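Student: build the 3D model from these lines:
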Amino acid sequence: MTDPALDTLLLPFETGDVDLADGARVLFLRARAGRALSALGTLDLLCEQSFAPDRDALLKAGLAVEAETDAGGFDAVMVLPGRQRQEARAQLARAVSKTRPGGVVMASAPNTEGAKTLEKDLRDLLGGAEKLTKNKCRVVWETVRSDTLDEDLLADWLALDAPRPVLDGSWTSRPGIFAWDRIDPASKLLADLLPDTLKGKGADLGAGFGFLSRAVFEKAPKVTGMDLYEAEKRALELAEQNLASFKGKRAMTGIWSDVTRGIEGPYDFIVSNPPFHQAGRADRADVGQGFIRAAAGGLRPGGEFYMVANRHLPYEQTLGAVFTTVTQLADEGGYKVIKAVKAKGGR
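Tutor: Here you go, the predicted structure:
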């Protein structure tokens, strides 16, 4: 799969506009794997990535990866900012804070996802910005200089994606997380339809900041515990905070992983609002289909799977292939809620 933003990010190395000495220390924030990274072969590259599928791809490519590094003083810092404005600005500020004076900050985004704003933001932070455009994306870069760096703006932007109370203080969340400052209506619909008779050990696939898991605990007193699977480590840390009131009363384990690669088990029930987009690419039905197969593999015979999805997403064939009974519980507001039961014979 092509990654235009990544290819464009590395363009200044190909053109010679950015030229680093062999062995220069480079940090890549929100890193993604791709053939274009071969351009950095002589550099000392560290990747930072808290999203499990991208982390796994980077590790498979033999690259050094950390979820969040404490290191600083890099000769260059590259970043592929997120789409949410506060998160993107915080990431850009983090890149600046990790770069030594005289080092270079580089960032890239698609034209349709804020590339022009990204250029302005870098200019505001560092007093200037060079740019190149290709692949319907823009890469911007600038040298970090103490006399042009806006220290106050840097401090303000570094705090933009910090965890904070949301929804009248009943939850803790942060920008960049899915539906970070609201209850997603699809998840709300699923939570409303979950039976209070759920019992035993369950799992939440794609747990986000913990809304569905908390709904299960609040609604079903016979549930003994939940495993929360979440690809984004930042979200998983929030979920653990949002479920703190149940600590010591119900068993809870946060699992930072790519659900499509399989889950543990066996579980008595599983709930899920699967994602259908990754790295800005929408309608990735294969991700949700992977969640469905993982759920079927992780349930005990006779176990129940409750999921919600956008009405148009093609999940029914996959559900019918791995579950013996598939029932639509609701079709409302553009979403469908489905209950699927695993055959007692083990299918």
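Student: and the helices in the chain?
Tutor: 4-9, 11-15, 52-60, 85-97, 115-126, 151-158, 185-193, 211-219, 233-242, 285-298, 316-322 (DSSP state H).
Student: low pLDDT regions in this structure?
Tutor: Residue ranges of the chain with pLDDT under 70: 277-284, 346-347.
Student: recalculate using a threshold of 80.
Tutor: When the per-residue scores of the chain are filtered using pLDDT under 80, the ranges that remain are 1, 276-285, 345-347.
Student: give me the most central residue, it.
Tutor: The centre of the chain sits closest to E232, judged by Cα atoms, centre = their mean, with a distance of 4.1 Å.
Student: okay, that one and N135: tell me how far apart.
Tutor: From E232 over to N135 the distance is 26 Å, taken as Cβ to Cβ, to the nearest Å. The C-beta positions use only the backbone N, C-alpha and C, and glycine is treated the same way.
Student: same deal with E264?
Tutor: E264 sits 40 Å away from N135 when distances are taken as Cβ to Cβ.
Student: neighbour-wise, which of the two wins?
Tutor: When neighbours are counted by other Cβ atoms under 10 Å, E264 and N135 differ, and N135 comes out ahead with 17 against 13.
Student: need the contact list for E48.
Tutor: Residues counted as contacts of E48 (Cβ atoms under 8 Å, 6 or more residues apart in numbering) are 27-31, 65-69.
Student: quick one: buried ones out of these?
Tutor: In the contacts of E48, burial by neighbour count holds for 27-31, 65, counting by 16 or more other Cβ atoms under 10 Å.
Student: want to throw these into TSV with distance to F305?
Tutor: Rendered in TSV, the data for those read as follows (distance: Cβ to Cβ, whole Å):
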residue	distance to F305
L27	40
F28	37
L29	36
R30	32
A31	33
V65	32
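Student: in strands only, show me those.
Tutor: Cross-referencing those with the strands (criterion: DSSP state E) gives 27-29, 65 as the overlap.
Student: specify which member of those is nearest to L299.
Tutor: Relative to L299, the closest of those is V65; by Cβ to Cβ it sits at 31.3 Å.
Student: give the contact list for that closest one.
Tutor: The contact partners of V65, by Cβ under 8 Å, 6+ apart, come to 31, 46-49, 55, 58-59.
Student: same question, A33
Tutor: Contact analysis of A33 by Cβ under 8 Å, 6+ apart lists 54, 57-58, 60-61, 63.
Student: mind running it again at 7 Å?
Tutor: Contacts here follow Cβ atoms under 7 Å, 6 or more residues apart in numbering; on that basis A33 touches 57-58, 61.
Student: just to revisit the earlier point, which among the ones in strands among the buried ones among the contacts of E48 gets closest to T253?
Tutor: V65 (22.7 Å).
Student: which residues touch P101?
Tutor: For P101, the set of contacting residues under the criterion of Cβ under 7 Å, 6+ apart consists of 144-146.
Student: returning to what we had before: could you find the closest non-adjacent residue to the residue nearest to the centre of the chain?
Tutor: Here the nearest residue to E232 in space, its sequence neighbours aside, is F51; by Cβ to Cβ, 6 or more residues apart in numbering that works out to 5.3 Å.
Student: what is the burial count for that neighbour?
Tutor: Here the count is done by other Cβ under 10 Å, and F51 has 23 residues near it.
Student: let's number from 572 now, not from 1
Tutor: Sure, I'll start numbering at 572, so the last one becomes F622.
Student: distance check, it against E684.
Tutor: When distance is defined by Cβ to Cβ, F622 is 17 Å away from E684.
Student: also D732?
Tutor: D732 sits at a distance of 17 Å from E684 (criterion: Cβ to Cβ).
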